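Enquirer: structure for this input, please:
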Amino acid sequence: MTRSFLDALDERVLVCDGAMGTMLYARGIFLNRCFDELNLAQPDLVAEVHQAYVRAGADLIETNTFGANRVKLAAFGLGERLHAINVQGARIARHAAREEAYVAGAIGPLGIRVEPWGKTGLDEAEAWFREQAQALAEGGVDLFILETFRDLNELGAAIRAVRSVCSLPVVAQMTTEEDGNSLDGTPPETFAPALERLGADVIGINCSVGRRPCSRRSSGSRP
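Expert: Down below sits the predicted model:
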């Protein structure tokens, strides 16, 4: 893409792709499978999904790496393949997007609670996010989307990890409960400014109830 992601977002509404997991399931992949590992085992299938979204008009596609962190991959005995899974995920998306769409490195939560709600330290969580972010950056993503986080502390660790690796744009998205607050009870008027201070370029919510806005953190930007 000749124009940077943030410049393009300032000019117009960008259309993102849809769910990857749903599409893979529709193509016969069972739910007990590690979808991220398909980047290595069935790259053509993953590419097919990306290409379908690009053909449909998506301005941005996400890598098939939502759960490709060390904690979640370890549950499938794939922890040591983390680097390869993420690099390949970025490269598959990059090839499918060509010059028609931006590629976002998808990073989801670790799947465990971090302090003060759990035993995992924030430094340890940040290190796990960092190794995933490093591999995605190596694979050639244009930006990062950190999504479906229920804990502001964990999302903060993910943002710091990405910022320690590169200066690419960061989209930070929380998921909320029916009352509009995050799972730990943090309201949007608290977590949005906090995410801005942490360095998120775009802030939004996803995979939750109610509205799903995303906006640039800078003043005067479009909702």
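Enquirer: helix, strand or coil for the residue most central in space within the chain?
Expert: Nearest to the mean C-alpha position of the chain, by CA atoms, centre = their mean, lies Ala106 at 2.7 Å. Classification of Ala106 by DSSP: H, G, I helix; E, B strand; the rest coil places it in strand.
Enquirer: hmm, it is touching Glu147, no?
Expert: Yes. Ala106 lies in contact with Glu147 (CB atoms under 8 Å); the separation is 6.8 Å. C-beta coordinates here come from the backbone N, C-alpha and C atoms, glycine included.
Enquirer: returning to that earlier point: who's the residue nearest to the centre of the chain bridged to?
Expert: Beta-bridge pairing of Ala106 under DSSP bridges involves Ile145.
Enquirer: ok, it - contacts?
Expert: Neighbour list for Ala106: Met20, Glu62, Thr63, Asn64, Thr65, Phe66, Ile145, Glu147 [criterion: CB atoms under 8 Å, 6 or more residues apart in numbering].
Enquirer: output those residues as a markdown table; include the columns neighbour count, distance to Gln51 and pLDDT.
Expert: Converted to a markdown table, these look like this (neighbours: other CB atoms under 10 Å; distance: CB to CB, whole Å; pLDDT from 0 to 100):
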| residue | neighbour count | distance to Gln51 | pLDDT |
| --- | --- | --- | --- |
| Met20 | 24 | 13 | 96 |
| Glu62 | 28 | 14 | 98 |
| Thr63 | 32 | 14 | 98 |
| Asn64 | 30 | 13 | 98 |
| Thr65 | 30 | 17 | 98 |
| Phe66 | 21 | 19 | 98 |
| Ile145 | 25 | 19 | 98 |
| Glu147 | 23 | 22 | 97 |
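Enquirer: quick one: which two of those residues are the most distant?
Expert: Maximum pairwise distance in these, criterion CB to CB, is 13.4 Å, between Asn64 and Glu147.
Enquirer: which stretches in the chain count as helices?
Expert: 5-11, 20-26, 38-41, 43-56, 70-74, 82-97, 122-139, 152-165, 188-198 (DSSP state H).
Enquirer: got these as a markdown table, with distance to Glu115 columns?
Expert: Below are those laid out as a markdown table (distance: least, CB to CB, whole Å):
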| stretch | distance to Glu115 |
| --- | --- |
| helix 5-11 | 32 |
| helix 20-26 | 29 |
| helix 38-41 | 31 |
| helix 43-56 | 34 |
| helix 70-74 | 15 |
| helix 82-97 | 23 |
| helix 122-139 | 6 |
| helix 152-165 | 7 |
| helix 188-198 | 16 |
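Enquirer: of all these, which one is nearest Cys207?
Expert: That would be helix 20-26 among those, by CB to CB, at 11.3 Å.
Enquirer: low-confidence ranges in this protein?
Expert: Along the chain, the parts satisfying pLDDT under 70 run over 210-223.
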